[in-house]
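1. I need the structure of the sequence given here:
(chains A and B)
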Amino acid sequence: GENVEQHPSTLSVQEGDSAVIKCTYSDSASNYFPWYKQELGKRPQLIIDIRSNVGEKKDQRIAVTLNKTAKHFSLHITETQPEDSAVYFCAASIDNTGKLIFGQGTTLQVKP
Amino acid sequence: EAGVVQSPRYKIIEKKQPVAFWCNPISGHNTLYWYRQNLGQGPELLIRYENEEAVDDSQLPKDRFSAERLKGVDSTLKIQPAELGDSAVYLCASSLSNEQFFGPGTRLTVL
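-> Predicted coordinates:
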């Protein structure tokens, strides 16, 4: 079955710097890749997603890139702010199966 | 629009006791999911419903876990009897298409 590896497990950056989180997946049939942000004690919330028919997607300070050949995708956050501090999870699924396989999570700390 | 509602938010029980969690999905969302999230890890799918049908329960430990979604709306997840290793956050999610919306979760502590 699908396996998703996420790195790094923790990431500390200064406010204003960029942060990059990387994930790899094993099942080449996976074609939907969402990213969730989870603040302490709160529910996971979708921040951006990408499908396998595009290589990059951007939403303000957040972007996701996908390399289908290498089976990896990355989250890029620019101009980080203290409120970006949270745990970020990547996930992969085969469209229409609804079965999201999550990575282990990255704890991002943005220092003011 | 109201989000996914779960109750209780917290539950502390002794091992071997039964426990039940309730979820009310976003109105109109046909697909409902139950996940378990252990501390420091990502959510893991336990069961997925399309309306009232369980279409994927391959990860549900069926010896002690059961779930139902009788009218295709609300759902209940039960553990009987609970074990120490069941301590986790149980998340419910619902979707209309690919995007899954999560509830706040129930934090279960088994003593």
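2. What does the pLDDT read for the residue in chain A that chain B sits nearest to?
-> Per C-beta to the nearest C-beta, the residue of chain A with the smallest distance to chain B is A:Phe102, at 3.0 Å. Backbone N, C-alpha and C define where each C-beta goes, glycine included. At A:Phe102, the predicted lDDT confidence score is 95.
3. Tell me the secondary structure of the closest residue to it other than its chain neighbours, please.
-> The spatial neighbour of A:Phe102 that comes closest, neighbours along the chain excluded (C-beta to C-beta, 6 or more residues apart in numbering or on different chains), is B:Gly42 at 3.0 Å. Going by DSSP: H, G, I helix; E, B strand; the rest coil, the secondary structure assigned to B:Gly42 is coil.
4. Enumerate the strands of chain A by residue range, in sequence order.
-> Using DSSP state E, the strands of chain A run over residues A:4-7, A:10-14, A:19-25, A:32-38, A:45-51, A:56-59, A:62-67, A:72-77, A:86-92, A:101-102, A:106-111.
5. what's the angle from the fourth one to strand A:86-92?
-> Going by axes from the mean of the first three to the mean of the last three C-alpha atoms, to 10 degrees, strand A:32-38 is angled at 160 degrees with respect to strand A:86-92.
6. and what of the third one?
-> Angle, strand A:19-25 to strand A:86-92, by the same axes, to 10 degrees: 30 degrees.
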